[in-house]
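Student: Any chance you can model this:
(chains A, B and C)
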Amino acid sequence: MLRYIIRRIILAIPILLAVFTLVFLVVRIIPGDPAQSALGDYASKEAVEALRERMGLNKPLLVQYFHFLGDLVRLDFGESLISGKPISEQVAYALPYTLELTLAAVIFGVLLGVPLGVFTALNRNNAIDYLGRVLSLAGLSVPAFYFGILLILIFAVELGWLPAVGGGDLVGEPFKSLKYLVLPAVTLGLIMTTSVTRLSRSAMLNVLSEDYVRTARAKGLAERVVLIKHALRAALLPIVSITGFWAASLIGDSVLTEFIFSRPGLGKMLVGAILQRDYTALQSVMVIYAAFVVAINLITDLTYGLLDPRISH
Amino acid sequence: MEQDINTLEQPIVRLRSQRERLWHTFSRNRTALLGLIMVIVIVLVATFADDWFVAVFQGRDAQHLLAPFDPAKQDTRSRLQPPDEAHRMGLDTYGRDVTSRIIYGTRVSLLVGILSVALGGAIGTFLGLIAGYAGGKVEDWIMRSVDVLMAFPSLIMGLMVLAVLGPGMSKMIIAIGIMCSPAFVRVVHSSTLSVKENDFVLAARSIGVGKFRTVRVHILPNILGEVVVLASIYTATAIRVEANLSFIGLGVAPPTPAWGTMIRDGTQYLTTAPWISIFPGLAILITVLAFNLLGDGMRDIIDPKSYT
Amino acid sequence: MLSRRTVFLLLAMAALLTLLAAQCGATPTPERIVEKVVETVVVEKEVAGETVTVIETVEVEVVKEVEKEVVVTATPEPVEEPLILRLGQNSADLSSLDPHFATTTEARALVDMIFNGLLRYKPGDGAFENMEPDLAEALPEMEMVGDQQVWTFKLRQGVMCHPAGNLAAYELTSEDVVYSLEKAATTERSAYAGEYTGMSFEAVDDYTVKVTLDAPLSPVLFYPKVANYSGGFIVCKQGVEALGDDKFKTHPVGTGPFMFESYSPQEKIMLKANPDYFRGAPKIDGIEYRYMADISSREAGLLAGELDVIYGIPDILWVEKMQGEEGVAVDVFGVGEVATVHFNTSVPPLDNPEVRKALAYAMDRDEFLALFGEPVAENVYSPVPSKFLAGGLTQEEAEDLGLAYDVDRELAKQMLADAGYADGFSLEVVTSEMTGYRRIYENMQAQLAEVGVDLKVNVVDHSTMHSQIREDVNPIVVYIAWRPNADVYLTRFFHSDSIVVTGAKPDTNFSHIDVIDDVIESARVATSAEEQIALWKDAQITILEDMYAYPLQFQQQVYARSDKVDYGHDLVSVLALYPGITENTTLER
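Tutor: Okay, here's the model as predicted:
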């Protein structure tokens, strides 16, 4: 097992390299460049050229590539081409917001999804089951930008209960900033609820047909005890182990959520970097991002292996 | 792991009876049935938005049929008019009829949703089969490439692919297709790994059935169910992604109406003129829900205990 | 494998976090605490006022006094929250706070609050006629020395540069001014270097600066170069040298009413009041400048009381709706960014002037105007907007000359038929996804379809559009821009040197016009204002006669604010494209 993990970590290095190379090339293929977007519509070709030169974009591609790669190997993410700020600083600032949002969304998804899944499983194939499933699927089907904006309108503008935008001061006043988290977490968590409901339902159905549950029932234990002590506990196991997989996909979905709620997270940084053609920021953030996804995928694969011994590593 | 694993898989069932059995279960699964009915209605709306099927033979431009007005007809002087008798869902920022644009918009959503998944599903299944069956270096290469693609958030990937390919509906289909394919590779890969260890596959191999034939006859039919389920769910996702990209501003070329673009125009006017975004939002919700219901129901039929 | 303990630990954490979230929802917000402070004040006043006989009157008076009280006690009371004006800007992030690289709307507004020029446009009034001294004591004296023109500025004394890190505040002198202007003139250190060629700067003594021009300029063209706009902003030498050019982009050091405090990428910039500002300390304590590219969030923020000023939607319907909201005021003001339709005369069929004129006649200004509504947008009849700048053609002048090109689609069709395009033709363009551009292109598509011209419109992101139109991809280019005077408009859009790709200094001449170079150049050096204006008008008449470009409309700035905000000046036009926040701006809480 340990050898497998080490092998996977070594294998992750080419993946990160590939992500870096891909992003490096793609941003240079697409029209528009950081000098142009930094200077805006007012810029003359002359000014743009001068800035390109200063940004080092006129050097041969290979030189730029190895320059950035060299920095990256030393874990130096360089500076934003647009603002000149160190990228590591920006990431250190943005990352907690994204992690906080993803974690909160996962928690929301689990807290809403597990009971809904268990409930629908217990009422399998009757009206409650169908209603619960349609509702949870509707949660997955509503576009995040649409739902997020509706939430803002209702809870921030009409009722004034929660702040509409921003991330609060996460480092300075972490508890006060939590109220900034509620609406985005609900928006993002709703996507997750569907999967959790589905999984909890299947897990519950699986467990309920297991011998030991039948035995427990046959012994004449109260239904409540059977459910909570035997069934639910066993069903939670797969739920928890697969939660990581969703966390990975939620980080991806968080991009749009952060955009809508103006949260200063990684996703907003990515969108900004791509729109402003901030090559260094985009390259570095994507690699950091990919490292996360790779790590989570590794954990998922490991848990899959544990769940189904037929898949050998 | 405490759960014990079935040691023997079910025997190979003849395809025809399997199909009959499937339909029987399907028609009794209300989620799937509801989804199917909704999908059929949506497809009908898309088809009969105008009379193209007559116009093609008569060699003239198609005229709107289900849609009450020409969806591209602008009247800037009466833009953002609230819903009334003539315009049931009001007028948009250019003074175009929202009802007609939603009806025509069905086409973009369905085309992009279905074609991109067909593309991504075909590529993904093909690669997944190869990776799962061939193993070794090939498997490593394919799965690591998938890992690379999966490292990109869908929105960022869409933005980048569209920026490289340029705008347009076909480019959008390719972009979303590429985005979907890793999921198919992963699922098909792991199913192939499972199926390939089964006795009937091992038996076929041992009596000298060729690799290609083994995959086609013994493996593919056994994983097709999962692929179809995934395709249905990913159609829902693809429609959502199309809406997201349109919402960011990179949708199909105007004047072709797309729901995401309509909402984008509408978000500015959520409090001034909510009708221009609320109705397309509902349209997306209903369409995506239809495919999700269908997929979820089918998954229930094929493997009621699946975890994914 | 996760152990059972881990599972329960996770669940417990989840429960805890939910509780905390609920808890935080219930804690009173700081505003409410402030209110409580105010309430105690009320009680005291009531005690003091009880001697008055009529009780009802007392209560009314008390309420009024409380409102005043809030403003007065804001500064001395340490308990009070500082008065921070929160502004929501339509931008994802900062581009540059070095004023010589600040070219975007978002950055122009910020540097306007942090820096001064030698001269300035009056707050809220961007008219050249009303320009006044800023860091200079008076408008400059001009004398001719041989062929050279020399302008002499006397500097104000006692103007302090903001402190920055270890660098203490110090007095700004001619050394800083010369350093700043030289920086603005250096290509590597400024985006505006091109505008300072042929100029040299000299510090005569601590408070005197001489600017020498190889070619004389009229004040209309010279003043903007040394005003609080673009390269004219004066940076503090020691600040730049202490930080270095790159760091300076995120840590500006100037002399203005507000000074840089902090920058949180993608989120906000904090400015604090400069207590030593030479016009007096600002009446607010600072500014929170938030990056919020989504209008719904900005609007929600303003309505929820989390923001005080927001960049709005350039649409009269939005303006009217927001004006109807309680406690909200909307300002529509200049300068108007001019949308002009440039025809690429180097590609068929647009190389035929008759075809271009036909397209002009096919377009209906009023229909475009209805997309935004007056006064958010207004029609223009020449590339230089006559409402804001000398040298533009008014509607009457254009009509008298027969160059207004009022819509006439029958005539357009006839002209197209005469040119051999009875069945129309098709063109393909790219547009930015940004509403201002996309709306014009999409409406143009519908309008041109009326005369049989099929305009294919591809939507790309803003950066892509800017780079593609500069590669001559579009046969029709819509460009929306503000330029400080007629010379800059004409030089950058209509001088042959500026022709995209092939020009000597490729810039934004999208029409490939090359026949008015000498008119533009002689206007630049004309010393009499009448002569200069006449030449500028001549140049534009040529542009219109052969329809190189179709002037469409200008779009004004739309900002909404809480009615508790008073900018401290009337709003006519601001070159920095925001309402202008100065030492006189006030805010009530």
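Student: Residue nearest the middle of chain A, spatially speaking?
Tutor: Taking Cα atoms, centre = their mean, the centroid of chain A lies closest to A:Ile251, which sits 0.8 Å from it.
Student: I'd say it and A:Val293 touch.
Tutor: Yes: shown here, A:Ile251 and A:Val293 form a contact pair, counting by Cβ atoms under 8 Å, at 7.1 Å. No exception for glycine: its C-beta is placed from N, CA and C like everyone else's.
Student: Quickly find the element holding the residue nearest to the centre of chain A.
Tutor: Element membership of A:Ile251 [criterion: DSSP states H and E] is helix A:233-260.
Student: That helix near chain B at all?
Tutor: Yes: interface with chain B: helix A:233-260 contributes A:Ala234, A:Pro238, A:Ile242, A:Ile251, A:Gly252, A:Asp253, A:Ser254, A:Val255, A:Leu256 (Cβ under 8 Å from any Cβ of the partner chain).
Student: Show me the helices in chain A, by range?
Tutor: Per DSSP state H, chain A carries helices over the ranges A:2-29, A:34-39, A:45-55, A:61-73, A:87-122, A:127-141, A:144-151, A:182-208, A:211-218, A:223-225, A:233-260, A:266-276, A:279-307.
Student: so which of those helices is the most packed in?
Tutor: helix A:266-276 (a mean of 27; mean count of other Cβ atoms under 10 Å in any protein chain shown).
Student: Can you work out which other helices and strands pack against that one?
Tutor: If you count contacts as 3 or more Cβ pairs under 8 Å, 6 or more residues apart in numbering or on different chains; DSSP states H and E, helix A:266-276 packs onto helix A:34-39, helix A:87-122, helix A:233-260, helix A:279-307, helix B:154-165, helix C:462-469.
Student: for the fifth one, the distance to its chain's centre please.
Tutor: This points to helix B:154-165. Distance, stretch centre to chain centre, for helix B:154-165: 18 Å (Cα atoms, centre = their mean, to the nearest Å).
Student: Can you spell out which helices and strands pack onto it?
Tutor: On a contact count with 3+ Cβ pairs under 8 Å, 6+ apart, helix B:154-165 meets helix A:2-29, helix A:233-260, helix A:266-276, helix B:169-196, helix B:220-248.
Student: Give me the mean pLDDT for the third one.
Tutor: It stands for helix A:266-276. Averaged over helix A:266-276, pLDDT sits at 82.
Student: okay, the angle between that helix and helix A:87-122?
Tutor: 120 degrees (axes from the mean of the first three to the mean of the last three Cα atoms, to 10 degrees).
Student: now helix A:266-276 against helix C:462-469, angle please.
Tutor: Going by the same axes, to 10 degrees, helix A:266-276 makes 10 degrees with helix C:462-469.
Student: what about C:Gly280, neighbour count?
Tutor: 11 (other Cβ atoms under 10 Å in any protein chain shown).
Student: tell me which element the residue lying closest to it once chain neighbours are set aside falls in.
Tutor: In space, and not counting its chain neighbours, C:Gly280 is closest to C:Glu583: 5.5 Å by Cβ to Cβ, 6 or more residues apart in numbering or on different chains. Under the criterion DSSP H and E, no helix or strand holds C:Glu583.
Student: C:Glu583 contacts C:Phe278, doesn't it?
Tutor: No: counting by Cβ under 8 Å, C:Glu583 sits too far from C:Phe278 to count as a contact (9.4 Å).
Student: what stretches of the chain score poorly on pLDDT?
Tutor: You didn't say which chain, so I picked chain A. Residues of chain A that meet the criterion pLDDT under 70 lie in A:164-165, A:237, A:240-242, A:244-245, A:300, A:303-313.
Student: that answer is for a different chain, and I need it for chain C
Tutor: Using pLDDT under 70, chain C drops low at C:1-79.
Student: roughly how far apart are the most centrally placed residue in chain B and chain A?
Tutor: With distances taken as Cα atoms, centre = their mean, the residue of chain B nearest its centroid is B:Thr235 (1.3 Å). Using Cβ to the nearest Cβ, to the nearest Å, B:Thr235 is found at 12 Å from chain A.
Student: residues touching that residue, list them.
Tutor: With contact set as Cβ atoms under 8 Å, 6 or more residues apart in numbering or on different chains, B:Thr235 has these partners: B:Gly113, B:Ile114, B:Val117, B:Phe291, B:Gly295.
Student: Check A:Ala185 too.
Tutor: Neighbouring residues of A:Ala185 by Cβ under 8 Å, 6+ apart: A:Leu101, A:Ala104, A:Ala105, A:Ile107, A:Phe108.
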